[in-house]
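Chemist: Pasting the sequence and the predicted coordinates here, then a few questions.
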Amino acid sequence: MKLNELRDNDGARTSRFRVGRGIGSGKGKTSGSGVKGQKSRSGVAINGFEGGQMPIYRRLPKRGFTSLNKVVYEVVNIGRLQKAIDAGKVDAKAPITADVLAQAGVISRIGNGVRLLAKGELKAKVEITVTGASKAAVEAVEKAGGKVTVA
């Protein structure tokens, strides 16, 4: 292979379709917009428009609100932690933190912190530091001989 022989795959770059360029092009005259009406004109914005009738998003009652300061934790179940230890991705003898879990691929990102939950079974003795943990998860880790530190 030479540099002057490098090419894109077939169909990787297609030229822009030029509409309104004569009847023979297949997209002449109305340019694929049909005949007359609001949708054939430019500047159409009719999402949610119901022909003048009161739109459904205005007819329905509004309830609750979305908090701007909501804290969402990354969740780790103890069963998932045990799987990572068994696979050799996490060292059970070393202290486990959010960074260790992220590098091992147990969580995708650290975000606002990690919360430990009790789904599954833990056999290894671990020392883990997390942002939050359920009572059942703390009991399960301590039962296995480990320790949970909530930072």
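Modeler: Looks like it arrived, so ask away.

Chemist: Is Arg58 within a helix or a strand, and which one?
Modeler: Per DSSP states H and E, Arg58 falls inside helix 56-59.

Chemist: which helices and strands sit right next to that helix?
Modeler: Using 3 or more C-beta pairs under 8 Å, 6 or more residues apart in numbering; DSSP states H and E as the contact test, no helix or strand touches helix 56-59. Every residue, glycine included, has its C-beta placed from N, CA and C.

Chemist: Number the residues from 225 up from this point.
Modeler: Done: numbering now begins at 225, and the last item shifts to helix 280-283.

Chemist: next SSE after that helix?
Modeler: Reading on from helix 280-283 to the C-terminus, the next helix or strand found by DSSP H and E is strand 298-301.

Chemist: average pLDDT for the next helix-or-strand element following that next one?
Modeler: Of the helices and strands lying after strand 298-301 in sequence (DSSP H and E), the nearest is helix 302-310. Averaged across helix 302-310, pLDDT comes to 92.

Chemist: Pull the number of nearby residues for Gly275.
Modeler: 6 (other C-beta atoms under 10 Å).

Chemist: I believe it is in a strand; please confirm or correct that.
Modeler: No - using DSSP: H, G, I helix; E, B strand; the rest coil, the secondary structure at Gly275 is coil, not a strand.

Chemist: how far away is Val259 from Arg265?
Modeler: Here the criterion is C-beta to C-beta, to the nearest Å. By it, Val259 lies 12 Å from Arg265.

Chemist: ditto for Arg282
Modeler: Look at Arg282 and Arg265: by C-beta to C-beta, they are 25 Å apart.
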